[in-house]
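Colleague: Quick one: sequence and predicted model below, then my questions.
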Amino acid sequence: MAYVALHIYIFTCICKKNILVLYSCLCRYPPCAGFPGLSPTCSLQPLENTLIMQIYKRLFLVALFFLSSLPVMAWAANDDGSVKDPTKTAQEFMAKGIESARSGQIDQARTAFENATRIAPELAPMAWAGLGMALGGQGRWLEAVVEFKKVVALQPADMRAHFNLANAYLSAGERDQAIGEYRNMIELDSKLDWAHFNLASLYLQKEETSSAIEEFEKAAELNPALPASYEKLGVLYDQVGMTEKAIAAYEKAIELAPLNGTTQYNLGVVYLKNGDVFKGEAAYRKAIELMPNNAEAYNNIGTIYLSRQDPQGAIPFFLKSVELKPDLEQGLINLSVSYRDIKDFESALLYAQKAKDIGINRAQVLIESIQRKMAENQGVKDASPAQ
């Protein structure tokens, strides 16, 4: 736009200067006296001929500059003849770019955004972010990374710019670079609980347990009302053998989100590991209330009955577990053992064979033990005196 203004200014100056010269010449050679160079009877001195040539040259310059200015002035003008507002023009290009991006026309979007930023450079962050999102929408994440990096370079303190770049890295399979961006966000603001949580989740994917625990703990500290942090900590504490801390974390998560059946189930697991059978059974039963299709919870309650030497009480829970999940290895084995212990050998062999059919190696050993028990039981019956 500055170029257009300069062009018009130069054109005005040239016109003004040459018109003044033309006016002085015309006063010297009025038309009624015969204009030099147009009248065959006119005779001029050399100086006067030179002046005439200057007049023609100036007329030619004015005309030439006027003609060359027409395309520029046409580009810079609206339909009504007024001069275009460059900001409005940039916004028009931005709107076109956004529209093209939404319709998946990446090349058209890029061209429109480039035109917009050429006119109004301050629109560049918005333009490159929009292009990055459009590329991501097409699964072109490595290209999206390039655009989001431009935004970060322009706005290094913008949290959303780092967030978009981190997500693009993660979607492109560049987990380490995504971790770096979350660290950058935390450097900008260490109080972002969600940034610590997401960073911890990335460490968890990399199986860096200690780093994951540290970041989940930080997230829980910054936002004590977020149950997900305590759920993750419960899992990790359990993995590293910190059973008491796992119980505390799960109990806190349940306090914040009492209807989470998975957390109830996990709490039951760590209660049993800690030797608290009654609390473990209560947690499993609560998990079943919340998740009636949890086959593992039914199986685990059955194992509690077996530990009490009550196979008859365990059988209904094992039956429900294999009904919900027919290939549940532990459910099939436990059910076979329970039937064997109550001397229902036919049912015991049935479920042991099912276990063998799905590839459970220890099923054969179980089948052999059932057959021995059957033989022993038959021997006892044969040795019994006739009534």
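Modeller: Received, thanks. Numbers count the residues shown, from 1 in each chain.

Colleague: And for the helix or strand where residue 187 lies, what's in contact with it?
Modeller: Using DSSP states H and E, the element containing residue 187 is helix 175-188. Residues outside helix 175-188 that contact it (C-beta atoms under 8 Å, 6 or more residues apart in numbering) are 157, 159, 162-163, 165-167, 169-170, 192, 195-196, 198-199, 202-203, 205-206. In short, each C-beta sits where N, CA and C put it, glycine included.

Colleague: got it, and stretch 134-148?
Modeller: Applying C-beta under 8 Å, 6+ apart, the contact partners of stretch 134-148 are 101-102, 104, 106, 109, 128-129, 131-133, 161, 164-165, 167-169, 171-172, 174.

Colleague: cutoff 6 Å now
Modeller: Applying C-beta atoms under 6 Å, 6 or more residues apart in numbering, the set of residues contacting stretch 134-148 from outside is 101, 106, 109, 128, 131, 132, 164, 165, 168, 171, 172.

Colleague: Equivalent analysis for stretch 302-309, please.
Modeller: 281, 313, 314, 317, 318, 334.

Colleague: How far does it sit from its chain's centre?
Modeller: 46 Å (C-alpha atoms, centre = their mean, to the nearest Å).

Colleague: repeat for stretch 297-316
Modeller: Using C-alpha atoms, centre = their mean, the offset of stretch 297-316 from its chain centre is 45 Å.

Colleague: For my notes, please list the contacts of stretch 302-309 in JSON lines and give distance to residue 147, secondary structure and pLDDT for each entry.
Modeller: Output for the contacts of stretch 302-309, formatted as JSON lines (distance: C-beta to C-beta, whole Å; DSSP: H, G, I helix; E, B strand; the rest coil; pLDDT from 0 to 100):
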{"residue": "281", "distance to residue 147": "55", "secondary structure": "helix", "pLDDT": "97"}
{"residue": "313", "distance to residue 147": "63", "secondary structure": "helix", "pLDDT": "97"}
{"residue": "314", "distance to residue 147": "60", "secondary structure": "helix", "pLDDT": "97"}
{"residue": "317", "distance to residue 147": "56", "secondary structure": "helix", "pLDDT": "97"}
{"residue": "318", "distance to residue 147": "56", "secondary structure": "helix", "pLDDT": "97"}
{"residue": "334", "distance to residue 147": "56", "secondary structure": "helix", "pLDDT": "96"}
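
Colleague: Pull out the buried members of those residues.
Modeller: Neighbour counting by 16 or more other C-beta atoms under 10 Å classes 281, 314, 317, 318, 334 among the contacts of stretch 302-309 as buried.

Colleague: for residue 230, what are its contacts?
Modeller: Residue 230 sits in contact with 249, 252, 253, where contact means C-beta under 6 Å, 6+ apart.

Colleague: So, low pLDDT: which residues of the stretch 251-387 of the chain?
Modeller: Along the stretch 251-387 of the chain, the parts satisfying pLDDT under 70 run over 379-387.

Colleague: ranges for the helices of it?
Modeller: Per DSSP state H, counting those that start in this stretch, the stretch 251-387 of the chain carries helices over the ranges 261-273, 277-290, 295-307, 311-324, 329-341, 345-357, 363-383.

Colleague: now those in a markdown table, with distance to residue 241?
Modeller: Formatted as a markdown table, these follow (distance: least, C-beta to C-beta, whole Å):
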| stretch | distance to residue 241 |
| --- | --- |
| helix 261-273 | 9 |
| helix 277-290 | 17 |
| helix 295-307 | 20 |
| helix 311-324 | 27 |
| helix 329-341 | 22 |
| helix 345-357 | 31 |
| helix 363-383 | 30 |
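
Colleague: do you know which of these lies nearest residue 238?
Modeller: Set against residue 238 and scored by C-beta to C-beta, the helices of the stretch 251-387 of the chain come closest in helix 261-273, at 5.5 Å.

Colleague: Can you point out the buried residues in that closest one?
Modeller: 261, 263, 264, 265, 266, 267, 268, 269, 270, 271, 272.

Colleague: and the angle from it to helix 277-290?
Modeller: Angle between the axes of helix 261-273 and helix 277-290 is 160 degrees (criterion: axes from the mean of the first three to the mean of the last three C-alpha atoms, to 10 degrees).

Colleague: What are the contacting residues of helix 261-273?
Modeller: 231, 238, 243, 246-247, 250, 253-254, 279-280, 283-284, 286-287, 290-291, 297.

Colleague: how does it look with 8 Å?
Modeller: Contacts of helix 261-273 (C-beta under 8 Å, 6+ apart): 227, 231, 234-235, 238, 243, 246-247, 250-251, 253-254, 257, 277, 279-284, 286-287, 289-291, 294, 296-297, 300, 304.
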